[in-house]
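1. generate a structure from the sequence data that follows.
(chains A and B)
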Amino acid sequence: MLRSECPEQNVLPMDDLVRLSQQGDRVAFRQLYQQHCGRVYAVCMRLLADRSKAEDACQEVFVKVWQQLSVFRGDSSFSTWLHSIASRTAIDLWRQDKLLRLATEELPEVAGAELGQSRELEQLILRLPHQARAVFVLFALEGYQHQEIAELLGIAEGSSKSQYHRARQLLREWLDEN
Amino acid sequence: MKTEHELDVLIAGLASELKPARDLWPELEQRLTDPEAMTKKVVQLKPNRWLSVPFASAYVASAASVLFAVTLFWQPAAPVQPQVFNPQMLDAETAIVYSFEQAKAEQLASMKTVDPAYADWQQQLAQWQQAITLVQLALKYNPNEALLLKQLKQLYSQQQNYLQKVVQSGLV
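-> Predicted coordinates:
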């Protein structure tokens, strides 16, 4: 798997980068972006299963972070705070995408080379049904509990669990076929 | 069938980070300057319906059809040259063009051999480029039109995906 190759130029600690960014320092904010873009893009890509939408979502996350930096007080780590924004933004877009896809039946534009060494499993995750994929990504890869996922996606906790098992079943079957 | 344990091992091997296929910073920076730039419609010239989104879409479709026929008899031209980046012009359109052209230049630079199945890759790229040029023409009359910008990104993205397949075909 390709690790994020976003160029890293940071010589300043994270806290300093956050403080400078809060003061409007765009150079510092770019370094924050470079350090975190890989993780943010990963959740966007896996939830939305579409490169173009994931790119838009990733940018949207950092626009929100830039706009909300003034209210970040450091009660949690910056990384945790940013990732919370990333997950919620990606889920919002996932929800919109779900409605749009029902209306248009568009096939997603599946990603390519950025999926890296675990490409096979990554591609299979992107093939999962819409809701099963979201539950799988949030539970297995992002560390959310089923109760949290149920609230985030607006489904019953039992549905989250059954979708997760469905996703695992499909992945096991598909891995055998390949 | 894979066991639950084998699947767990594979899942544990997935990276926590994925790298975007192109540099997203130039567009992002532009959005930081003007967060509404990607969505608001700023009409600097009198709108021309012949260069509106529906007509631009029709132009793109028509151009693709005509070019398909023309390229059957077309000799390969020189490789597509990346556009020169001018930081003074970093609007939404320029940011999109810059990031995709930069990624395309890297893809072209990494190209070694090409599988015979993709022998006409230059013609294929030229078709997308023609469509991109038409959308850019429409953007001159409807700057920052969100649908046109989206269309521009989709065309570049399709071109990028195709080029990626061409590059990978030479690595097998």
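
2. so the residue of chain B found nearest chain A: helix, strand or coil?
-> In chain B, no residue comes nearer to chain A than residue B:17, which is 3.0 Å away by Cβ to the nearest Cβ. For every residue, glycine as well, the C-beta is placed using N, CA and C. Taking DSSP: H, G, I helix; E, B strand; the rest coil as the rule, one finds residue B:17 in the coil state.

3. distance of it relative to residue A:35?
-> Taking Cβ to Cβ, to the nearest Å as the measure, residue B:17 falls 10 Å from residue A:35.

4. re earlier: burial count for the residue of chain B closest to chain A?
-> The burial count assigned to residue B:17 is 19, neighbours taken as other Cβ atoms under 10 Å in any protein chain shown.

5. can you list the buried residues in stretch A:16-29?
-> By neighbour count, and taking 16 or more other Cβ atoms under 10 Å in any protein chain shown as the criterion, the buried residues in stretch A:16-29 are A:17, A:18, A:20, A:21, A:28, A:29.

6. now secondary structure and distance to residue B:153 too, for these, in JSON lines please.
-> Putting the buried residues of stretch A:16-29 into JSON lines (DSSP: H, G, I helix; E, B strand; the rest coil; distance: Cβ to Cβ, whole Å) gives the following:
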{"residue": "A:17", "secondary structure": "helix", "distance to residue B:153": "29"}
{"residue": "A:18", "secondary structure": "helix", "distance to residue B:153": "30"}
{"residue": "A:20", "secondary structure": "helix", "distance to residue B:153": "31"}
{"residue": "A:21", "secondary structure": "helix", "distance to residue B:153": "27"}
{"residue": "A:28", "secondary structure": "helix", "distance to residue B:153": "28"}
{"residue": "A:29", "secondary structure": "helix", "distance to residue B:153": "23"}
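
7. restrict those to contacts with chain B.
-> Restricting the buried residues of stretch A:16-29 to those touching chain B (Cβ under 8 Å from any Cβ of the partner chain) yields residue A:29.

8. report the two of the buried residues of stretch A:16-29 separated the most.
-> The distance between the two most remote of the buried residues of stretch A:16-29 (Cβ to Cβ) is 9.1 Å, for A:18 and A:29.

9. overlap in contacts, the two.
-> Both residue A:18 and residue A:29 are contacted by residue A:69, under the criterion Cβ atoms under 8 Å, 6 or more residues apart in numbering or on different chains.

10. near chain A, which residues of chain B are found?
-> Where proximity means Cβ under 8 Å from any Cβ, the interface of chain B facing chain A comprises B:1-4, B:7, B:10-11, B:13-22, B:24-25, B:27-29, B:31-32, B:35, B:153-154, B:157-158, B:161, B:164-165, B:168.

11. among those residues, name the buried ones.
-> The neighbour-count test (16+ other Cβ under 10 Å) marks B:2, B:7, B:10-11, B:14-15, B:17-22, B:24-25, B:27-29, B:31-32, B:153, B:157, B:161, B:164 as buried among the residues of chain B next to chain A.

12. remind me which residues of chain B are low pLDDT?
-> Judged against pLDDT under 70, the low-scoring parts of chain B cover residues B:1, B:34-90, B:172.

13. go again with 90.
-> Low-confidence segments of chain B, defined by pLDDT under 90, are located at B:1-6, B:15-16, B:21, B:30-131, B:133-151, B:153-155, B:157-172.
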